[in-house]
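J.: Okay, sequence plus prediction incoming.
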Amino acid sequence: MGVDTSTIRTVRVTRYVTPLREGGSLPALAEADDGFLYALKFRGAGQGSKALIAELLGGEIARALGFRVPEIVFAQLDEAFGRTEPDEEIQDLLQASTGLNLALHYLSGAITFDPVVTTLDPALASRIVWLDCLLTNVDRTAKNTNMLMWHKELWLIDHGASLYFHHTWDNSHEQAVRSFTQVNNHVLLPWASQLREADAELRPKLTASVIQRIVQLVPDEWLANHDVQSPEEAREVYRRFITMRAAASENFVNEAQDARKRVI
Ligand SMILES: Nc1ncnc2c1ncn2[C@@H]1O[C@H](COP(=O)(O)OP(=O)(O)O)[C@@H](O)[C@H]1O
Ligand SMILES: [Mg+2]
């Protein structure tokens, strides 16, 4: 029963609808051959395929931990796609993104989460802060919450700035156990009064087999130009990083609790 969470569907992009102007990664609203609308994230945008890897790993880890995340799919862009696109910048982006991209099911009519408008329960706020400390996600700030309210429920989007160790790719062991000082800027930190409980609840859910299943989802195509030998080896670095970080969660929980004392 239910959906098979071990695989990611692949769709073909059939129509570029409009840019989703907000953050820096130039995502677009697009339609695919299954008839659905998606928030499409391009491998040809600034951070390249690393942003897509972060989006996939971050989003699927969040889902495995029980958060609401729109369905993530691989989105195939054909070479001929976008040749008739009149905007030159968009045409360049489309051309640089031929192949596999990533898309999130578009939550039509969703509104940006605003902590002033919607008060979150401390348990949920704490779980989200815990997730972002695990993922080293710097992108859940008051200015840009990257959370949506849809049908009265909170949904997490935009994990493209997670796992930032992969931009330098060295000292990954050291970075895995480090605390996360940027938690200072987390929009939910003031409400995250149950970080210990969140830690006790979430850490056991991230088993070795869950982590293994998720890193296996990263396509070779996104790892081809990686700074290490092979896609297999790169996946192994991600697996180790996430595993070590979860095992050392006490470090980031302590850091977040200290940071919280300073903001409340
Ligand atoms: N799945 C989605 N459903 C509805 N709106 C979305 C979805 N994904 C993104 N958006 C909208 O597009 C904006 C930009 O997308 P986001 O993933 O945050 O990319 P970035 O911040 O890197 O530009 C979001 O802030 C949100 O308003
Ligand atoms: Mg964003």
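T.: Looks like it arrived, so ask away. Ligands and ions are numbered 1, 2, ... in the order given.

J.: Can you get me a residue count around I128?
T.: The burial metric for I128, expressed as a neighbour count using other Cβ atoms under 10 Å, is 26. Placement of C-beta: from N, CA and C, glycine included.

J.: does it sit in a helix or strand, and which one?
T.: Per DSSP states H and E, I128 falls inside helix 122-135.

J.: now for that helix, which elements pack on it?
T.: Packed against helix 122-135, as judged by 3 or more Cβ pairs under 8 Å, 6 or more residues apart in numbering; DSSP states H and E, are the following elements: helix 49-64, strand 153-156, helix 195-202, helix 231-247, helix 249-263.

J.: Throw these into CSV and include mean pLDDT, mean neighbour count and distance to ligand 2, thanks.
T.: Compiled in CSV, the helices and strands packed on helix 122-135 are given as follows (pLDDT from 0 to 100; neighbours: other Cβ atoms under 10 Å; distance: least, Cβ to the ion, whole Å):
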stretch, mean pLDDT, mean neighbour count, distance to ligand 2
helix 49-64, 97, 24, 10
strand 153-156, 98, 18, 11
helix 195-202, 98, 18, 23
helix 231-247, 96, 18, 22
helix 249-263, 97, 17, 21
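
J.: what does whichever helix or strand comes after the helix holding I128 contact?
T.: As assigned by DSSP H and E, the chain's next helix or strand after helix 122-135 is strand 147-150. With Cβ atoms under 8 Å, 6 or more residues apart in numbering as the contact definition, strand 147-150 has outside contacts at 107, 109-113, 118, 128, 140, 154-157.

J.: Kindly report the same for stretch 134-145.
T.: 22-23, 54, 57-58, 61, 112-115, 128, 131-132, 146-147, 158-165, 175, 180, 182, 185-188, 206, 242, 245-246, 249, 252.

J.: Thank you, goodbye.
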